[in-house]
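Would you be able to build a 3D model of this:
(one chain, ligands or ions: 2)
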Amino acid sequence: MMLPTTVEELARRLAVDPALITKHLMEIGEPDEGNATSLDAATASEVVELVVNRNEKPRPPLPPVAQDEPTPRTAPRVRTIAVQSLGSPAAFERILLECRRAVTQGRDGLVLDFTDAEGFFPNAVVPTVAAIEHYRRRGLDIRLEGLPPAASAMRLDSPIAVEPETLRREPTMARVWRYTSHKEANDLTTAIVEAIRYRVECTEGVAEALEWCLYEVLDNVTQHSKAPAGFVMVQHHSNNKTLAACVADTGIGIQRSLASSVTHRPKSAFDALTLAIQEGVTRDPSTNQGNGLFGLFQIVEQNRGRLNIGSGRGSMRIDGNRVSGDSDRLVIGPDNHGTTVDFQLATKNAVSLARALNYDHQNLFLESLETSEGEHAVVIRQQAGGAGSRAAARELRTFILNILNEGAPHVVLDFTGQAVVSSSFADEVIGKLVLEMGFISFNNRVRLRNMTPTVATLLDRAIALRIKAR
Ligand SMILES: Nc1ncnc2c1ncn2[C@@H]1O[C@H](COP(=O)(O)OP(=O)(O)OP(=O)(O)O)[C@@H](O)[C@H]1O
Ligand SMILES: [Mg+2]
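Numbering: from 1, shown residues only. Ligands and ions are numbered 1, 2, ... in the order given. Okay, here's the model as predicted:
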């Protein structure tokens, strides 16, 4: 990082016309107030990178460094960094800074040693994976060592590509996925939210809202970022009952994207973010509506969840109704400002997507379960987990509760083709539902159909035992 300077001084140091510096300042969204304008250290570094990377002049001698360690005369080709955590945006920035330094100092490689690292959360894990890919593509040999098993399972070193086969085989939650198209974004979102509907009981509207938000944020990467891929991970934190999602790219960033429109000229990177979450703000009104980030913001507010957007040099944090932020974020590189959208929804706080977007819409998930009689049905025989194990039954019970929470008046459990069910399945699904919902409400909202006499007897028995044990 450089020391603060002025336009004039920087132009002199780089031996270029001050007008070139001014041009770059406009491009990175910095106000230009004449040659005496003082530039903070991050802005100055960015301008230097632009001048150098675009070959506007031969590489200048390295500018005086303030915080960076001086490069030894025989700098080791590979540097090793001990990573303490990947649990916050600041932890990500620390790794990013090391990648940038490694390149500036002309090293071949960087070893990230995770032996003592604790805390791996989407808000740092996902942008780190994106940045690692970016720097590897640019020839920096980044190695990850000492990853604890849980972090290696997350696929920090090699995110999972979205393919029909990987979507079937891999767990979708707590994994970093890499997608490259709108179709992959769609398939991945469907798979992640389906897994959630079986595993996490969500109150009214939450699963549907999450599905909508994920799809919008994922799709923004393919539509606006100009990055080769987007990266995403969703985690369930059962202790504080939240679903945490993070989507990152290494593209042009929101400020530059909006600045490409005819109407928007955000003055700073932070202003660009406050603008992007407003209704109808889009870089191209002929193709888009400016709904995505606005809807996300509305849903997070309704749900009393959290939203952090970091894009280019701006970061914005929304916690309840408090909005804060600045324009000091570290960028991936001068041409790759990068965007990270990190949000958390509380599974116990109801939300309404219709209210957030101010229009009535069909719940596509409920529609997919609808029979010709207009009921919502689950065919037990078609459930991937079958009707044997307690684990599969627990997932089915969560799924049934989620269908009811999303607004189905009642749900039909169709036992067609199921000659028998295990007693643990009967207890885990039916016995526990009766207990949780109460007998009357269970009778009103869960209808059992097409049972063989054996299945009916097994279910009766499970209910009787549960009621007796109470
Ligand atoms: N990942 C991103 N990279 C670059 N720019 C982005 C990114 N996400 C959003 N933007 C910018 O923010 C603007 C607002 O995004 P938003 O999702 O609210 O609307 P939209 O995508 O333009 O329209 P819609 O979501 O209704 O299709 C976009 O038009 C784009 O300029
Ligand atoms: Mg959008």
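
For the rest of this, base every contact and every neighbour count on C-alpha atoms.
Will do.

Would you verify that residue 388 is located in a strand?
No - read with DSSP: H, G, I helix; E, B strand; the rest coil, residue 388 is coil and lies in no strand.

what's around it, how many residues?
Using other Cα atoms under 10 Å, the number of residues around residue 388 comes to 15.

For the residue positioned nearest the centre of the chain, give me its contacts.
Centroid-nearest residue in the chain, with Cα atoms, centre = their mean: residue 246, separated by 1.9 Å. If a contact means Cα atoms under 8 Å, 6 or more residues apart in numbering, then residue 246 has 122, 123, 126, 232, 233, 234, 340, 341, 342, 343 as its contacts.

And for residue 145?
If you count contacts by Cα under 8 Å, 6+ apart, residue 145 has them with 111, 112, 113, 114, 115.

Surely the last one is within a strand?
No - the assignment for residue 115 by three-state DSSP gives coil, which leaves it out of any strand.

which residue does the stretch 101-250 of the chain bring closest to ligand 2?
Residue nearest to ligand 2 within the stretch 101-250 of the chain: residue 220 (4.7 Å; Cα to the ion).

Same list (the contacts of residue 246) but as JSON lines, adding secondary structure and neighbour count.
Shown next, in JSON lines, are these (DSSP: H, G, I helix; E, B strand; the rest coil; neighbours: other Cα atoms under 10 Å):
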{"residue": "122", "secondary structure": "helix", "neighbour count": "28"}
{"residue": "123", "secondary structure": "helix", "neighbour count": "29"}
{"residue": "126", "secondary structure": "helix", "neighbour count": "34"}
{"residue": "232", "secondary structure": "strand", "neighbour count": "34"}
{"residue": "233", "secondary structure": "strand", "neighbour count": "25"}
{"residue": "234", "secondary structure": "strand", "neighbour count": "27"}
{"residue": "340", "secondary structure": "strand", "neighbour count": "28"}
{"residue": "341", "secondary structure": "strand", "neighbour count": "24"}
{"residue": "342", "secondary structure": "strand", "neighbour count": "26"}
{"residue": "343", "secondary structure": "strand", "neighbour count": "27"}
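
how about the residues you listed, which pair is most distant?
Farthest apart among these by Cα to Cα are 234 and 340. That separation is 13.5 Å.

For the stretch 101-250 of the chain, what lies in contact range of ligand 1?
Contact residues (Cα under 6 Å from any ligand atom) of the stretch 101-250 of the chain with ligand 1: 220, 221, 224, 225.

for the stretch 301-450 of the chain, that is, sorry about that
Neighbours of ligand 1 within the stretch 301-450 of the chain, by Cα under 6 Å from any ligand atom: residue 339.

Following the chain past the one helix or strand in the chain whose mean pLDDT sits lowest, name the next helix or strand.
Least confident helix or strand, the chain: helix 41-53 with a mean of 75, by mean pLDDT, DSSP states H and E. Scanning forward in sequence from helix 41-53 by DSSP states H and E, the next helix or strand is strand 78-82.

what does that next one rub up against?
Against strand 78-82 from outside (Cα under 8 Å, 6+ apart): 102, 107, 108, 109, 110, 111, 112, 113, 114, 115, 116.

Stretch 382-389 too?
Residues outside stretch 382-389 that contact it (Cα under 8 Å, 6+ apart): 380, 381, 392, 393, 421, 422, 424, 425.

hmm, 6 Å instead?
Under the criterion Cα atoms under 6 Å, 6 or more residues apart in numbering, residues 392, 421, 422, 425 lie in contact with stretch 382-389.

number of nearby residues for residue 184?
The burial count for residue 184: 18, using other Cα under 10 Å.
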